[in-house]
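S.K.: model the structure of this input:
(2 chains)
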Amino acid sequence: MTALAALFVRDLRLAIRVGGGALIGVLFFLIVVTLVPFAIGPDLALLAQVGPAILWLGALLASLLTLDRLLAIDHEDGSLDLILTAPIALEATVAVKAIAHWLTTGLPLVVATPLLGLLLNLEPQATGAVALTLLVGTPALTFLGLVGAAVTVALRRGGLLVAVLVLPLTVPVLIFGVAASNAAIVGPLRFGTPFTILGGVALMSIVVGTFATAAALRHAAD
Amino acid sequence: MAMIDLANPTRFRTLAETLLPWLAAATVVAFGFGLERAYLAPDDYQQGATVKIMFLHVPSAWLSMMAWGLMSVAALGTLVWRHPLADVAAKAAAPLGAAFTLLCLVTGSLWGRPMWGTYWVWDARLTSELVLFLMYLGVLAVWRTIDDPTRAARAAAVLTLVGAIDLPIIKFSVDWWNTLHQPASVFRIGGSTIDASLLVPLFVMAIAFTLLFFTLHLAAMCNEILRRRVRTLMMLQAQAAGGH
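M.R.: Presented below is the predicted three-dimensional model:
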């Protein structure tokens, strides 16, 4: 238990202090959202209409941004081998690393959403809905992304490959995340229907992601 | 018992090489029969001769899904039973699956142009087939990027199994997404069941395509075994040259 806590604190510290993974993700998110009006024009009505989709796409890309290095760095400096040989279930280790990653990448995105919602002319209620769906959906992105990171852990240049492998798997999260946000804004569907399915998809992704990542790491090691 | 016998690559190759000519012959016969049937099949009263694209389109769609299923079973063979030929089977199936998925997308698009007036619509089926194609390309990328075959096999196996779990969810969510956006209108082709005059050629063509898949798959597996043998021999040679 103390080993897991130590790992958790270590990952948090690394994310906050070294390389600034946490802030870079939010910064990237902000830049993506800033670029959109340049691409589609400063029409506020149009921006409000596509706002939830833009926020979701930005969050999706931002949470993938820091993932490819998450396990690769540990692999390069040898700490991954130490983690693998530790007498703890690898699944628990993976879960702890994922939670630390989500706290430093996914959660800041959720916190930044209200501010970015203002830029996209979203109503307070709409912003709240998007933030809530991101809060539920981003853990799924972290856990699914971790599978891609584990599969490509030994590669020197895994960056783009992780995105190619992971993005198709995130289709359900994206669909229900955006659908729930839109349901809260324009209807006609009740917010709860897609939101509950999003929750189900997220829980499923967390379970599958944990076990698949552990399996990939175990097989990459020997 | 048979599975253990097949674990010996040499024995597998002997068996495969005796089987291959028969499989190839059966494929040719099935295609001859199926194409003749497809040629003689009556035109649809609404779609005209374009309905015959179905005889290529539907079997490739079916094979695009079967190939992933085969890869998933092979992935279990790699991770759970450590069967030495499982990763060979998985590797040989990936490009074939991708090819049939692409064939399905291309024929569907060519069929869609005269029928729906456009090459591509974001119909639920088309979209999930496209996502499946992207996932095949991802698996192929993994096979290409990781140079050690056993390591690549395990990475691809994990990815294939995650895909096998996620693909039904993707299918479900894309269906849900599409019905939300546009209720089924044009996409219920015909709306009724298919007539027997079209169903028989379709069935024969499905058998022909499946035979073709297994012929190509078996041949690709033999090639992969030989490729690995060449790789080992070259490494031994390099080792011998460096050691002395």
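
S.K.: pLDDT score assigned to A:A212?
M.R.: A:A212 is assigned 92 on the pLDDT scale.

S.K.: thought it was touching A:G145?
M.R.: No. Applying Cβ atoms under 8 Å, one finds A:A212 not in contact with A:G145, separated by 11.4 Å. Glycine gets a C-beta too; all of them are placed from N, C-alpha and C.

S.K.: of those two, who's got more company?
M.R.: Legend: neighbour count by other Cβ atoms under 10 Å in any protein chain shown for A:A212 and A:G145, higher for A:G145 (31 against 25).

S.K.: measure the residue nearest to that one when sequence neighbours are not counted to chain B for me?
M.R.: Spatial nearest neighbour of A:G145, chain neighbours left out: A:L67 (4.1 Å); criterion: Cβ to Cβ, 6 or more residues apart in numbering or on different chains. Separation of A:L67 from chain B (Cβ to the nearest Cβ, to the nearest Å): 15 Å.

S.K.: and chain B, which of its residues are near chain A?
M.R.: B:79, B:131, B:134-135, B:137-138, B:141-142, B:145-146, B:151, B:154-155, B:157-159, B:161-163, B:165-166, B:169-170, B:172-174, B:176-177, B:180 (Cβ under 8 Å from any Cβ of the partner chain).

S.K.: which among those end up buried?
M.R.: Neighbour counting by 16 or more other Cβ atoms under 10 Å in any protein chain shown classes B:79, B:131, B:134-135, B:137-138, B:141-142, B:145-146, B:154-155, B:157-159, B:161-163, B:166, B:169-170, B:172-174, B:176-177 among those as buried.

S.K.: in which helix or strand would I find the residue nearest the centre of chain B?
M.R.: For chain B, the residue nearest the mean C-alpha position is B:G97 (2.6 Å; Cα atoms, centre = their mean). Mapping B:G97 onto the secondary structure by DSSP states H and E places it in helix B:86-116.

S.K.: and that helix, what other elements does it pack with?
M.R.: On a contact count with 3 or more Cβ pairs under 8 Å, 6 or more residues apart in numbering or on different chains; DSSP states H and E, helix B:86-116 meets helix B:54-76, helix B:124-145, helix B:149-181, helix B:196-243.

S.K.: buried ones in it?
M.R.: For helix B:86-116, burial by neighbour count (16+ other Cβ under 10 Å) applies to B:86-105, B:107-109, B:111-112, B:115.

S.K.: what's the next secondary structure element after the lowest-mean-pLDDT helix or strand in chain B?
M.R.: Ranking every helix and strand in chain B by mean pLDDT, DSSP states H and E puts helix B:2-5 at the bottom, with a mean of 60. Using DSSP H and E, the helix or strand that follows helix B:2-5 in sequence is helix B:9-40.

S.K.: give me the angle between that next one and helix B:196-243.
M.R.: Counting by axes from the mean of the first three to the mean of the last three Cα atoms, to 10 degrees, helix B:9-40 lies at 150 degrees to helix B:196-243.

S.K.: output the contacting helices and strands for helix B:9-40.
M.R.: helix B:196-243.

S.K.: and the helix it packs on, what's its mean pLDDT?
M.R.: 87.

S.K.: buried set for the helix or strand encompassing A:F28?
M.R.: According to DSSP H and E, A:F28 maps onto helix A:21-40. Buried residues in helix A:21-40, defined by neighbour count with 16+ other Cβ under 10 Å: A:21-22, A:25-26, A:28-30, A:32-33, A:36-37.

S.K.: and the residues you listed, which is the shakiest by pLDDT?
M.R.: A:G21 (63).

S.K.: which stretches of chain A have low pLDDT?
M.R.: Scanning chain A for pLDDT under 70 picks out A:1, A:18-21, A:156-159, A:221-222.

S.K.: quick one, strands of it?
M.R.: Counting by DSSP state E, no segments of chain A form strands.

S.K.: in it, which helix is the longest?
M.R.: helix A:192-221 (DSSP state H).

S.K.: check which residues of that one are buried.
M.R.: Result for helix A:192-221 [16+ other Cβ under 10 Å]: buried residues A:194-195, A:197-199, A:201-202, A:204-206, A:208-220.

S.K.: give me the helices and strands touching that helix, please.
M.R.: For helix A:192-221, the packing partners by 3+ Cβ pairs under 8 Å, 6+ apart come out as helix A:79-85, helix A:90-101, helix A:124-151, helix A:171-185, helix B:149-181.

S.K.: what's the span of stretch B:75-88, first residue to last?
M.R.: By Cα to Cα, to the nearest Å, the extent of stretch B:75-88 from end to end equals 10 Å.

S.K.: which residues does it contact?
M.R.: A:215, A:219, B:3, B:6-7, B:9, B:12, B:74, B:89-90, B:149-150, B:153-154, B:156-158, B:160-161, B:164, B:221, B:224-225, B:228 (Cβ atoms under 8 Å, 6 or more residues apart in numbering or on different chains).

S.K.: kindly report the same for stretch A:32-45.
M.R.: By Cβ under 8 Å, 6+ apart, the residues outside stretch A:32-45 that reach it are A:46-47, A:50, A:54-55, A:57-58, A:61-62, A:116, A:119-121.

S.K.: name the member of those with the most neighbours.
M.R.: Among the contacts of stretch A:32-45, the one with the most neighbours (other Cβ under 10 Å) is A:L55, at 31 neighbours.

S.K.: check contacts around the residue lying closest to that residue once chain neighbours are set aside.
M.R.: Spatial nearest neighbour of A:L55, chain neighbours left out: A:V130 (5.2 Å); criterion: Cβ to Cβ, 6+ apart. Neighbour list for A:V130: A:51-52, A:55-56, A:113, A:117, A:122, A:181 [criterion: Cβ under 8 Å, 6+ apart].

S.K.: what's the answer for B:L56, then?
M.R.: Contacts of B:L56 by Cβ under 8 Å, 6+ apart are B:103, B:107, B:205.

S.K.: pick out whichever of the residues you listed sits closest to B:T232.
M.R.: B:L103 (34.4 Å; Cβ to Cβ).

S.K.: just give me the neighbour total for the nearest residue to the closest one once chain neighbours are set aside.
M.R.: Distances taken as Cβ to Cβ, 6+ apart put B:S60 closest to B:L103, at 4.3 Å, once the chain neighbours are dropped. B:S60: 23 surrounding residues under other Cβ under 10 Å.

S.K.: show me the contacts for B:S60.
M.R.: When the contact criterion is Cβ under 8 Å, 6+ apart, the partners of B:S60 are B:100-101, B:103-104, B:107, B:209.

S.K.: quick check: the two most widely separated of those residues?
M.R.: Going by Cβ to Cβ, the pair spanning the contacts of B:S60 furthest: B:T101 and B:F209, at 12.8 Å.

S.K.: ramachandran coordinates for B:P42?
M.R.: phi -70, psi 150 (degrees, to the nearest 10).

S.K.: how close does it sit to chain A?
M.R.: Taking Cβ to the nearest Cβ, one finds B:P42 at 39 Å from chain A.

S.K.: contacting residues for that residue?
M.R.: Going by Cβ under 8 Å, 6+ apart, the list of residues near B:P42 reads B:197-198.

S.K.: need the pLDDT of it.
M.R.: pLDDT for B:P42: 71.
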